[in-house]
Structure formats: C-alpha cells, structure tokens
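Engineer: Could you look at this predicted model? Sequence included:
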Amino acid sequence: MMENKSPFLDTLFLLRKEGALTVFSDLKTLTKKEEKEAEDFFESEFEKERLDFLSDKILFNKDFAIWAAKILYHSAQLYLIRKDTAKDLEKLIPQYQGEKDVSSILSADLSLRFLPQLLDALQVADSTDPLVKMLENILHQFHYSGIGLDLNLEKIDWEEELKDKTYRKLYLERIVEKKAYKLAEIPCINQLLIAEFGMYKDIFWRELKIIND
C-alpha cells in the first residue's frame with residue numbers, strides 16, 4: 001500500500017520489505033506529507049516488531065524513526081550523487097536531537113540497522129569520504145544498529161547500557177545473529193550470553209569462548 005507514493009517512501013518500503021536499497025531520485029527536500037506517511041509506516045512496522053519485545057512499555061518514538069529514515073535515505077542518495085554535496089553534508093546527515101533511551105534506540109533501528117551495509121559500500125568507494133566518519137559516529141551512538149561492525153565501544157558501561165531487560169534481550173539476540181565475536185567476548189556480555197545459553201551453549205554458538213573475568 002505504500003508503493004509509488006514518493007521516492008522517499010518507495011526507498012524505505014522496498015528496503016524494509018525486500019532488503020533492496022533502491023534510490024529513485026536526485027537529492028530533494030522531503031515534504032511534510034512524505035514525513036507523515038513515513039511516520040505511519042514506521043509506526044505500523046514498530047508494532048509488528050513489538051511482538052518480539054515481550055514488553056508493552058516501549059513506545060514508538062516518531063521523531064527518532066523519521067530522523068533515522070532521513071539519515072539512511074540521504075546516505076543512499078549521497079552514495080550515488082556526490083556532485084556539489086560537500087556543503088550540504090551536515091544538513092543532510094544531522095545529529096539526533098532529543099533524549100536517547102530504549103524507545104528512541106529501537107525506533108531509530110527500524111532504519112539504522114541497514115546503515116552498516118551502506119557504510120561498507122562507502123568505505124570501499126572512498127575510505128576518506130567525510131560521510132564515512134559521520135555515519136560511523138551515528139552507529140557508535142546507536143551501536144545496537146551497528147552490531148557486527150568493528151566499532152570502538154570500550155568506554156561503555158555495559159551493566160548500565162543493558163539494564164533494561166527488553167533491550168538486553170534484543171541486544172544479545174542480535175549479537176548471536178550477527179556472530180559478533182568482539183562484543184560477545186566482552187566479559188559482561190559474555191557472562192550474559194553464557195547464562196542465556198545454559199546447557200545448550202554449543203547448539204547456539206559452539207565456537208564462542210567462555211571468558212572468565
């Protein structure tokens with residue numbers, strides 16, 4: 001039902017539904033109508049994913065969802081269209097505004113989870129591209145969406161970071177899904193994973209080392 005409404009919506013719809021990143025137009029300013037339709041789309045997607053949260057306390061954050069969708073969309077456009085765009089990078093890839101909490105992290109993740117593959121493509125094309133650093137910074141702040149990338153997360157207090165049980169569950173599940181060894185061997189996370197696996201550790205992840213801190 002979302003197809004053919006706008007290049008912005010078509011790009012997001014196809015990415016969410018088929019995993020295909022398609023850019024339909026040159027760089028354009030998004031209309032309020034497009035943003036509202038995207039908001040409705042992402043809220044419906046969030047509600048579907050809420051079934052995995054096992055919690056009804058995490059609410060959809062429309063501002064973070066739309067911010068992240070713009071980051072992804074503009075990054076895809078900038079991968080293909082770079083003529084005369086240097087002056088507009090900070091406008092097209094703005095920093096988030098607002099309080100970062102579990103709701104905002106999971107709402108932003110609806111789009112940001114696709115950013116690592118785009119970042120990889122940008123790094124192959126030109127590792128010195130300033131856009132690469134901007135996207136790395138975003139994924140450093142929203143590292144749930146960057147699980148699997150080699151991000152420097154040494155300064156994070158993991159007990160504090162993963163204190164919410166729903167977020168902790170989703171974070172651990174994605175580490176296992178991505179086989180993110182670097183994260184899984186952080187002592188705090190390793191202990192959580194081993195506790196979750198229990199006697200079935202070798203079924204879930206035979207190769208994972210048990211770290212004794």
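Structural biologist: Happy to help now that I have it.
Engineer: Output the worst-scoring helix or strand of the chain on mean pLDDT in CSV with nothing but the alpha carbons.
Structural biologist: The helix or strand of the chain with the lowest confidence, counting by mean pLDDT, DSSP states H and E, is helix 7-18 at a mean of 85. Taking Å, rounded to 0.1, in the frame of the first residue of the first chain, the C-alpha atoms of helix 7-18 are listed here in CSV:
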residue,chain,number,x,y,z
PRO,A,7,10.8,8.3,-3.9
PHE,A,8,11.5,8.5,-0.1
LEU,A,9,8.7,6.2,0.8
ASP,A,10,9.4,3.8,-2.1
THR,A,11,13.0,3.5,-1.0
LEU,A,12,12.1,2.8,2.7
PHE,A,13,9.3,0.4,1.8
LEU,A,14,11.5,-1.7,-0.6
LEU,A,15,14.3,-1.8,1.9
ARG,A,16,12.1,-2.9,4.8
LYS,A,17,10.1,-5.4,2.7
GLU,A,18,12.7,-6.8,0.4
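Engineer: elements contacting that helix?
Structural biologist: helix 32-53, helix 62-80 (3 or more Cβ pairs under 8 Å, 6 or more residues apart in numbering; DSSP states H and E). Backbone N, C-alpha and C define where each C-beta goes, glycine included.
Engineer: need the contact list for the nearest residue to Asp164 once chain neighbours are set aside.
Structural biologist: Ranked by Cβ to Cβ, 6 or more residues apart in numbering and with sequence neighbours excluded, the top spatial neighbour of Asp164 is Val102, at 5.0 Å. Applying Cβ atoms under 8 Å, 6 or more residues apart in numbering to Val102 gives the contacts 58, 164, 166-167.
Engineer: can those go into CSV with extra columns for neighbour count?
Structural biologist: Shown next, in CSV, are the contacts of Val102 (neighbours: other Cβ atoms under 10 Å):
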residue, neighbour count
Ile58, 21
Asp164, 16
Thr166, 16
Tyr167, 20
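Engineer: Low-confidence regions, this structure specifically.
Structural biologist: 1-5, 24-26, 28, 83-85 (pLDDT under 70).
Engineer: Helices along that one, start to end?
Structural biologist: 7-18, 32-53, 62-80, 89-92, 102-112, 115-125, 130-141, 158-161, 165-178, 181-184, 187-197, 201-205 (DSSP state H).
Engineer: and the fifth one, which residues are buried?
Structural biologist: Which is helix 102-112. By neighbour count on 16 or more other Cβ atoms under 10 Å, the buried set for helix 102-112 is 102-112.
Engineer: CA-only coordinates of it in PDB, if you can.
Structural biologist: Extracted in PDB, the C-alpha atoms of helix 102-112 (Å, rounded to 0.1, in the frame of the first residue of the first chain):
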ATOM      1  CA  VAL A 102      15.300   2.400  24.700                       C
ATOM      2  CA  SER A 103      12.300   3.600  22.800                       C
ATOM      3  CA  SER A 104      14.400   6.000  20.600                       C
ATOM      4  CA  ILE A 105      17.100   3.400  20.000                       C
ATOM      5  CA  LEU A 106      14.600   0.800  18.800                       C
ATOM      6  CA  SER A 107      12.600   3.300  16.800                       C
ATOM      7  CA  ALA A 108      15.700   4.500  15.000                       C
ATOM      8  CA  ASP A 109      16.800   0.900  14.500                       C
ATOM      9  CA  LEU A 110      14.000   0.400  12.000                       C
ATOM     10  CA  SER A 111      16.200   2.200   9.500                       C
ATOM     11  CA  LEU A 112      19.700   2.300  11.100                       C
END
